[in-house]
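please work out how this folds:
(chains A and B)
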Amino acid sequence: MKARTLRVLKAARIALQTLCGAGFLYVFFTSRDPFAVVQNPFLRWDPLIFLTNPRSEPLLLLPVMALLLLAVVLGRVFCGWVCPMGSLIELSDMLLSPIRRRNPMAMRGPRPGSMPVRFPPALAILGATIAGIATNAGLLPFLHPNVWIVRICSLSLLGLVFLGLIVIASAFGRRLWCVYLCPLGALYGLLARAPFPRLAIRRCSGCGACDRCPMQAANASSRTVLAHQCTLCFAFEADCRVEGFAFAAARRRATGSGISCGEAGFDTGRRQFLIVGAGLLGGAVIGGALGMLLGTRRIGGAVGARAAASPAAQRGPLRPPGVVDEETFLRRCIRCHHCVESCPNRIIEPAGIEDGFCGLFAPRLRFDSNGCDFRCQVCQLVCPNQAIPLQTLRNKQRTPIGLAVIDKDACVVFKDHKPCLVCEEVCPTPEKAVVFPREEKIMRPSGPTVLKFPSVVDSRCIGCGICQANCPAPRVAITVSRLLRDRS
Amino acid sequence: MTRREFLKSAVASTLFFATRRLFPASLVATPADVGIATGSDYEKAVTAAVDLIGGIRAYVKPGHVVVVKPNIGWNSPPAVKATTDPVVVRTVVHLCFQAGASKVYVFDRSVSNPHLAYKTSGIQRAAEEAGASVFQVDNTNDTKLYSRVAIPGAYYLQNSLVNRYALECDAFINVPVAKHHGQAGLTLALKNLMGITGDQRGKWHWQLDDAIADINRVVRSRLTLIDASAIMLRGGPTGGDPSYLKRLDTFIASSNPVSADVEAAKLFGRSASDLPYIEKAAKAGAGKASGYATRSIDV
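Next comes the predicted model:
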C-alpha cells in the first residue's frame, strides 16, 4: 500500500478513537443526569458482557453480532479504532514515551530473532473469564477493559489504582494490557480468521520499522503480521521504506517463496491450534475452579430463595430496587458502577470485602442519608445488562428492597413518649406502610397530647429506606433489612 | 334640574367613571382579609382571589425583591397534588412582575431530592418561564444561604437557621398546597414555612405545633395564597393515589396565614380548634384566627 494511503488510514483511526473517546465521556456524564435515559453502549453491546445475561432483544443481538462479525472480517479493529480503554492506554504510552526511552527495563520491540506474541496469556484469561461467567465466579468485573474505563471515569479509588497501573505499565512497554491481558481483545483476536484478507508484509528491506508495532504483531526478522494481535492501527506502516504492506489472503509460510509472507493468526497449523486450545482450556479450568471455590454458592451462604429462612441472610446487603434473586444479580452484575454514579440520592455504594469475594465491588444500598426515591428508576435504566432489572414504574414501586423494622428501644414514641411520626410522614407508598394501630392520650406540660405508636405493615413496605434516613431519634429507630418474604 | 345642577352631576359622574377606570376595582371596594376564588381557569381564579384582598399592588411595590415559597417537598408530578400546582406558582410570579417586582425568587427545602422534586413537580420550569430565579436548597450548612435567628418569646424553637432570602426579601409570598398531614392534621400555609428553615427538622416533630407557630414569628407572610385546587384528604403529605383527592378548584388568598389556614381547614370540614398550631400562631401574632372579613367569587 502507498505510504500516503497508510497515513490517511492512521489519521482516520486517530479521528475515530477521539470520537469514540468523546462519545464514551458524553455517555458517562449524561448517564449521571437522572432525567436523561442513557445506557452505555460500550457495555450494553459488548459480546462478553452479553454472555452474563443473554437476551434475545433484536436491538441488543444485532450490535453484538455486528461486533463479532467485525472481528471475523477485520480482526481486532475494535481494539485499535474504537476501544476507549485502548485509546487511554495509547495516550498514556504517548505521554510516557520519554520515560520509556530512558528506562533500561522497557521493551523496545522484539529483539532480533525473537518472535512476536504468538500465544498471549490473554487467551487463558479469556478462558477463565468465560468459565467464570458459567460458574458465577464473576471474574469478568475484574478483567473487562470497558468496565475499568467506567471506573476510571468515575474517579473511584478502584479506578484510580487501575489508572496508576496503566501509567506504570506505559513506562515499560506499549499497550501491555492489550497485548498480554485483555480478554476482550483475545476474543476478537481469536475470531480473526481466514478467508478474509489480512495485513501482510509483501516486501521487506529489513529496515526494522515494524519493530515499532505497539501490539507486537509484526517484526522485521519474522516478517509476519499476526492477525490475532494486529489492530490495523497503522502506527508505523507508512514508514516502511519499500511500501511492503498489503492486504493479502492468508497463506502458509511454506508456500511463499523467498520474502513473501502473509500469515493469518492461529489457523496456520495444527500445532498452533492445539496450543491455543490448550491455553483457552487451561484458563477455563482455572476460572472454573475459582468459580467453584469462590462463587456465590460457597461464600455467600444462603442467598436467593433460601434467604427467607436464614437469619444470616437478613444481615445481607440490600440491593438496588428490582433485584429479587441475589444469585442471579451477582452473576449478571459486572460491577461497572454506573448505578453508583447515577443514583441521584447517592445511596448506592460498591461493597468491599464484607460480602465475601462473590459480593466484592457489587452495588449495595446504604440508607444513612437518604432513601430510594419512590419515582426514581435511574439505576435500572443505566444498568447495561439488566443485572438490575428494568421494570415498569408501577412494578418498581411494588418490588420490595427489604423490610423496615421498628426498634422500640430506640423509637422516641415508645421510649420517651414524645409524639413523632416522621416515618409515617415520609413513607412514599400511596397506602402508607407505617400506621398507628395504637393511640394513647397523655398529659404533658404543654397540654394533653395524643401519642400514636408507629407500626410497619409488612405487605405494604417496600424497604425504600426513606423512613430510616429521616428518623430523628438519637439512635435510628427504623431500619431496613433484607428480608425477602412471600408476597401474594 | 337646573343647568348648574346638570353640569355638576355630569362632571361628577364623568370624574367618578374616570377614576373607576384609573384605579383597579379592588382599590375602590374595601379589601377583605381573605379572598376565596373558585374557577377551573387557575390563572384567572388566582388573580381574582388576590384582587379580593386588595390586588397584588397592595402587597408588592415597584422595585421589591420578592420570595415566592411554594411547596416543592416531594418528587411527585403535579397530578398527585403533593406539591403546589405549577400554574399557580407561575401566576403568582407573573403578578409580582406586574406589580413591578425587581426580582422574584422561588425555592423550597425539599424532603425528597431537590433535583428530582423541582423538575418532577413542574415548578422549576413554570417559575423560570415566568421570569423567576429558582434555586435548589441542597446544603443546609451553607452560611451564605442561612443565618441563625433568635426567636424571642418562642414556645419551643429558641433559635433556628432561616433561609436568608426569606429573611431579607421585601415581600414574602407563601404559596402552599392544602393537604392532609399525619401529625399536623393538615399542612397549609403556616406549616409551609418549615421550608425556609435549615436545621434538622425531624426533631421538631416532637413538638410540631409549637415549632410551626414559632417559625411564623420569624418570617411574616405578606401574602398567602393556598392552592386548594384539589385537596388531599388522606395519605398526606405524600399522597399518590387519585382517590385521595377532592377537586375543588378553589384558591384562598389572605393577608395573613392564620386566617387563610382557618378558611382552608373548613374545606376539609375541620375547624381551627382541630389544629392546635393555628391558635398558637394566632397568639404569636401571625394573624387572626377569627373576626376577619371574607369575600368569595366564582370566576
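
which residues touch B:Met194?
B:Arg109, B:Arg201, B:Trp204, B:Ala211, B:Ile212, B:Ile215 (Cβ atoms under 8 Å, 6 or more residues apart in numbering or on different chains). In short, each C-beta sits where N, CA and C put it, glycine included.

and the closest residue to the fourth one other than its chain neighbours, how many residues sit next to it?
Among residues not flanking B:Ala211 along the chain, B:Trp204 sits closest, at 3.9 Å (Cβ to Cβ, 6 or more residues apart in numbering or on different chains). Counted by other Cβ atoms under 10 Å in any protein chain shown, the residues lying close to B:Trp204 total 23.

what does chain A put close to chain B?
By the rule Cβ under 8 Å from any Cβ of the partner chain, the part of chain A lying against chain B is A:34-35, A:344-345, A:370, A:373-376, A:412, A:418-422, A:424-432, A:446-447, A:470-472.

now intersect those residues with the helices, please.
Assigned to helices by DSSP state H, the following of the residues of chain A next to chain B qualify: A:Val412, A:Val422, A:Glu424, A:Glu425, A:Val426, A:Asn470.

which two of those residues have the greatest separation?
Greatest spatial distance in these: A:Val412 and A:Val426, 15.6 Å, computed using Cβ to Cβ.

those two: which has the busier surroundings?
For A:Val412 and A:Val426, the more surrounded residue by other Cβ under 10 Å is A:Val426, and the numbers stand at 25 against 20.

contacting residues around the more buried one?
A:Gly371, A:Ile466, A:Cys467, A:Asn470, B:Val111, B:Thr238.

what do you get for B:His64?
By Cβ under 8 Å, 6+ apart, B:His64 lies in contact with B:Cys96, B:Ala99, B:Gly100, B:Ala101, B:Ser102, B:Cys169, B:Asp170, B:Ala171.

A:Asn146 should be in a helix, yeah?
Yes. Per DSSP: H, G, I helix; E, B strand; the rest coil, A:Asn146 lies within a helix segment.

around it, count how many other residues there are.
Other residues near A:Asn146 number 23, with proximity taken as other Cβ under 10 Å.

does it touch A:Val82 like I think?
No. When contacts are counted by Cβ atoms under 8 Å, A:Asn146 is not listed as touching A:Val82 (10.3 Å).

excluding sequence neighbours, find me the nearest residue to whatever residue of chain A ends up closest to chain B.
Across chain A, the shortest distance to chain B (Cβ to the nearest Cβ) belongs to A:Pro472, at 2.7 Å. Closest residue in space to A:Pro472, ignoring its immediate chain neighbours: B:Gly202 at 2.7 Å, by Cβ to Cβ, 6+ apart.

can you name the residues of the stretch 151-299 of chain B that neighbour chain A?
The stretch 151-299 of chain B comes close to chain A at residues B:155, B:181-183, B:200, B:202-203, B:205-208, B:210, B:235, B:237-241, B:244, B:276, as judged by Cβ under 8 Å from any Cβ.

for PyMOL, what selects the buried ones among these?
With 16 or more other Cβ atoms under 10 Å in any protein chain shown as the burial test, the buried ones among those are selected in PyMOL as follows:
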select buried, chain B and resi 155+181+182+183+202+203+205+206+207+208+210+235+237+238+239+240+244+276
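
could you list which of the residues of the stretch 151-299 of chain B next to chain A belong to strands?
Using DSSP state E, the members of these that fall within strands are B:His181.
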